[in-house]
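Participant: heads up, no residue letters with this:
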């Protein structure tokens, strides 16, 4: 599933609200797509779930290991009709195909957080030959005229179709292990050697493969040279950020002779629950920036244009700026180990100034009936307008989630830890939700604990109490933050009150950082409670993992020190002096399959670390065997790092898990490898 990894591991969070789980445990909504296709299938066809896909094939179907394959994209609105059209054709022609399991996955695959190399693929069709692919491409093109979907970045679009694409790559899941312990898709080159099956965000052909379907393309709308936009006016100098709906660029405006920021919007991507796509959201952002241009609280909009099928918003470049998160890390009081009263005094002055300015900005937006919706640490920029300025200037960026009340369709964009449960439930934010976001930012300004608010809406109260005790957090600031984060939106104060409270001066006392909580608790008991919880969630009936872990356990192996059972068992052995015999047996029962090389040789994700843990658990013979088998591992010298490469392996090789003669050999090889 490496090609499906997305930011914050959302994909692995869909099957369970408690733990990361593989998509094989996700329960899709059968009424979205499965039920309709199932009714079409003849008796000799079957439909099975494979991670995020429903796969459809007839009994005895054969497809080549690699070759040309066809992908179709879709908008959520058209997806059922497109699927039924394609399914009927493939069943009639007895062609294997697969499709995303439900609408939720389609929304995600067209969205901002999906890998650009895998995004947009709704249906995959598996031809049996190049000639077969040519025939299917033409038939699918004719059958789907009039349907629209996002451009699939890894593919080439067929003729003038808006949804039919194709690429060359693996058709069967042929994988090989890499040094990190993950398996990667591979194909064979023209000499029979295995090479990575690259899922790049652009059309790519392996050496020796020619595109037999390429058609003469119409002249591009843009007539500028490569690396420019808007007929050569904007020279792109740097990619600041990349995502499936579009990238953000730093560019040089040749007409205005200045640096600018250009935001891109791709059609039919990042479609909101209310039907707006990335291009429409970008145009809305352009309009809102124009409405508030006179306020000076956001980058000025400079231009909006279309280039090929994409939309582009040109904004003022805020030179020397950085995010509020970065600024707070620089000035933070709680991040100092020995803060003085002078530093505390200056910190509270800076803190009050920052949030007075932010409250004024939000009030100005609300006075013009604009709700920001997605106020967080990443979309408040801080910069010094002049080197002599005592305090920095703030600007708001990324208005894609904002909306003008009564004019725009609200969007469902919000950041966990800075948004309310009410906003999530209603699918839109209000002005009082912006108040909550201000409270979240003020809390993060003291200590960035906001991610805990997703699990415990009252977690901030404990941090507020600690700040009062250790850093003399003024009562008015503490009560203000508590009020802004109140679960009842009617209890949240408006921005006038926020500005009034923040305008008061405070003379702090000397910070007095204590260990009150640590002194009150029994550490041995706390450790035992932690280990006891791990005991309670162990699942001895599973083979993919024993304990709930980071999502990487499903991309690597179930035993590793970093993500698997051997890491937990090692800690238990050190903390308790013993490990549940069932854990030992579960570890021993796992097939390391060393000859098949399903485990990498490294320390934290592979055999060297597993051997280390086994030795601690009293499994000396198994530990020595595991280490012995790393010596000729094909990946042993592919990385020099401690985590998964030769350095980590060498450190364990020189330890007591190897025989003396072997240790001498390994020492020599390790020295030569890392010198």
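Facilitator: It's in. A quick note: this is a predicted structure, and the numbers were derived from the prediction, not measured. Residues are numbered from 1 along each chain as shown.

Participant: how about the helices in the stretch 551-675 of the chain?
Facilitator: With DSSP state H, counting those that start in this stretch as the definition, the stretch 551-675 of the chain shows helices at residue ranges 552-555, 565-576, 581-589, 607-616, 620-628, 646-653, 660-674.

Participant: same check, this time on the stretch 151-300 of the chain
Facilitator: 278-291.

Participant: if we can go back for a sec, what would the helices of the stretch 551-675 of the chain look like in a markdown table with mean neighbour count and distance to residue 450?
Facilitator: In this view, the C-beta of every residue, glycine as well, is placed from N, C-alpha and C. Converted to a markdown table, the helices of the stretch 551-675 of the chain look like this (neighbours: other CB atoms under 10 Å; distance: least, CB to CB, whole Å):
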| stretch | mean neighbour count | distance to residue 450 |
| --- | --- | --- |
| helix 552-555 | 22 | 24 |
| helix 565-576 | 19 | 28 |
| helix 581-589 | 15 | 35 |
| helix 607-616 | 27 | 33 |
| helix 620-628 | 19 | 42 |
| helix 646-653 | 23 | 34 |
| helix 660-674 | 14 | 41 |
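
Participant: can you lay out these as CSV showing mean pLDDT?
Facilitator: What follows is these, written out as CSV (pLDDT from 0 to 100):
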stretch, mean pLDDT
helix 552-555, 94
helix 565-576, 97
helix 581-589, 96
helix 607-616, 94
helix 620-628, 88
helix 646-653, 88
helix 660-674, 56
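
Participant: TSV please, covering those and showing distance to residue 187.
Facilitator: Converted to TSV, the helices of the stretch 551-675 of the chain look like this (distance: least, CB to CB, whole Å):
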stretch	distance to residue 187
helix 552-555	20
helix 565-576	33
helix 581-589	34
helix 607-616	27
helix 620-628	31
helix 646-653	28
helix 660-674	30
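
Participant: between those helices, which one is nearest to residue 541?
Facilitator: Of all the helices of the stretch 551-675 of the chain, it is helix 581-589 that lies closest to residue 541, at 9.8 Å by CB to CB.

Participant: what stretches of the stretch 351-500 of the chain score poorly on pLDDT?
Facilitator: Residue ranges of the stretch 351-500 of the chain with pLDDT under 70: 387-388.

Participant: quick one: the strands in it, in order.
Facilitator: Along the stretch 351-500 of the chain, the segments classed as strands by DSSP state E, counting those that start in this stretch run 370-371, 380-383, 393-396, 403-404.

Participant: and the second one, which strands flank it?
Facilitator: Translated: strand 380-383. strand 322-323 (antiparallel), strand 393-396 (antiparallel) (DSSP bridges).

Participant: what's the domain layout of this structure?
Facilitator: Using the TED database, the domain parsing of the chain gives 31-172, 228-316, 322-503, 523-672.

Participant: using JSON lines, lay out those together with distance to residue 205.
Facilitator: As requested, those are exported to JSON lines (distance: least, CB to CB, whole Å):
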{"stretch": "domain 31-172", "distance to residue 205": "6"}
{"stretch": "domain 228-316", "distance to residue 205": "22"}
{"stretch": "domain 322-503", "distance to residue 205": "35"}
{"stretch": "domain 523-672", "distance to residue 205": "26"}
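
Participant: quick check: which of those is nearest to residue 192?
Facilitator: Residue 192 lies closest to domain 31-172 among the domains of the chain, at 11.8 Å (CB to CB).

Participant: return the distance of the closest one from the chain's centre.
Facilitator: Mean C-alpha position of domain 31-172 versus that of the full chain (CA atoms, centre = their mean, to the nearest Å) differs by 25 Å.

Participant: stretch 561-569 now?
Facilitator: Computed by CA atoms, centre = their mean, the chain-centroid distance of stretch 561-569 equals 24 Å.

Participant: which residues touch that stretch?
Facilitator: Contacts to stretch 561-569, defined as CB atoms under 8 Å, 6 or more residues apart in numbering, come from residues 534, 545-547, 549-550, 552-553, 556-560, 570, 579, 583-584, 586-587, 590, 603-605, 609-610, 612-614, 617, 643.

Participant: ends of that stretch, what's the gap?
Facilitator: Its first and final residues considered, stretch 561-569 spans 9 Å by CA to CA, to the nearest Å.

Participant: before we move on, what about stretch 435-454?
Facilitator: Stretch 435-454 end-to-end distance (CA to CA) = 17 Å.

Participant: that stretch: which residues count as buried?
Facilitator: Within stretch 435-454, the residues that count as buried by 16 or more other CB atoms under 10 Å are 435-448, 450, 453.

Participant: nearest to residue 305, of the helices of the stretch 551-675 of the chain?
Facilitator: Judged by CB to CB, the one of these that comes nearest to residue 305 is helix 552-555, at 40.9 Å.

Participant: angle of the longest helix seen in the chain against helix 278-291?
Facilitator: Among the segments of the chain that qualify as a helix by DSSP state H, the longest is helix 341-367. If you take axes from the mean of the first three to the mean of the last three CA atoms, to 10 degrees, helix 341-367 sits at 100 degrees to helix 278-291.

Participant: follow-up on the earlier one: out of the strands paired with strand 380-383, which is closest to residue 634?
Facilitator: Nearest of the strands paired with strand 380-383 (CB to CB): strand 322-323, 42.8 Å.

Participant: pull the residues that contact the closest one.
Facilitator: 377, 378, 379, 380, 381, 382, 383.

Participant: C-terminal to that strand, what's the next element?
Facilitator: helix 324-331 (DSSP states H and E).

Participant: pLDDT (mean, whole number) over that following helix?
Facilitator: The pLDDT scores in helix 324-331 average 93.

Participant: what helices and strands are in contact with it?
Facilitator: Applying 3 or more CB pairs under 8 Å, 6 or more residues apart in numbering; DSSP states H and E, one finds that helix 324-331 makes contact with helix 341-367, strand 380-383, helix 431-446.

Participant: just name the most buried of these.
Facilitator: helix 431-446 (a mean of 24; mean count of other CB atoms under 10 Å).

Participant: now do that one: distance to the chain's middle.
Facilitator: When distances are taken as CA atoms, centre = their mean, helix 431-446 is centred 24 Å away from the chain's centroid.

Participant: what is it packed up against?
Facilitator: helix 324-331, helix 341-367, strand 370-371, helix 459-471, helix 475-484, helix 495-502.

Participant: kindly calculate the angle that it makes with helix 475-484.
Facilitator: Helix 431-446 runs at 140 degrees relative to helix 475-484, counting by the same axes, to 10 degrees.

Participant: quick check: angle from helix 431-446 to helix 459-471?
Facilitator: Using the same axes, to 10 degrees: helix 431-446 against helix 459-471 is 40 degrees.

Participant: all strands of the stretch 201-350 of the chain, in order?
Facilitator: 228-229, 234-241, 248-253, 258-265, 301-307, 310-316, 322-323.

Participant: out of those, deepest packed?
Facilitator: Neighbour counts (mean count of other CB under 10 Å) averaged over each of the strands of the stretch 201-350 of the chain peak at strand 310-316, with a mean of 22.

Participant: quick revisit: any chance of the strands paired with strand 380-383 in CSV, plus distance to residue 344?
Facilitator: Formatted as CSV, these follow (distance: least, CB to CB, whole Å):
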stretch, distance to residue 344
strand 322-323, 23
strand 393-396, 22
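
Participant: now do the buried residues in the helix or strand hosting residue 142.
Facilitator: Taking DSSP H and E as the definition, one finds residue 142 inside helix 130-143. Neighbour-count burial for helix 130-143 flags 132, 133, 134, 136, 137, 140, 141 (criterion: 16+ other CB under 10 Å).

Participant: between those residues, which is nearest residue 464?
Facilitator: Using CB to CB, those come closest to residue 464 at residue 140, 59.4 Å.

Participant: what sits against that closest one?
Facilitator: Contacts of residue 140 were listed using CB under 8 Å, 6+ apart, and they are 70, 72, 86, 89, 125, 158, 161, 164.
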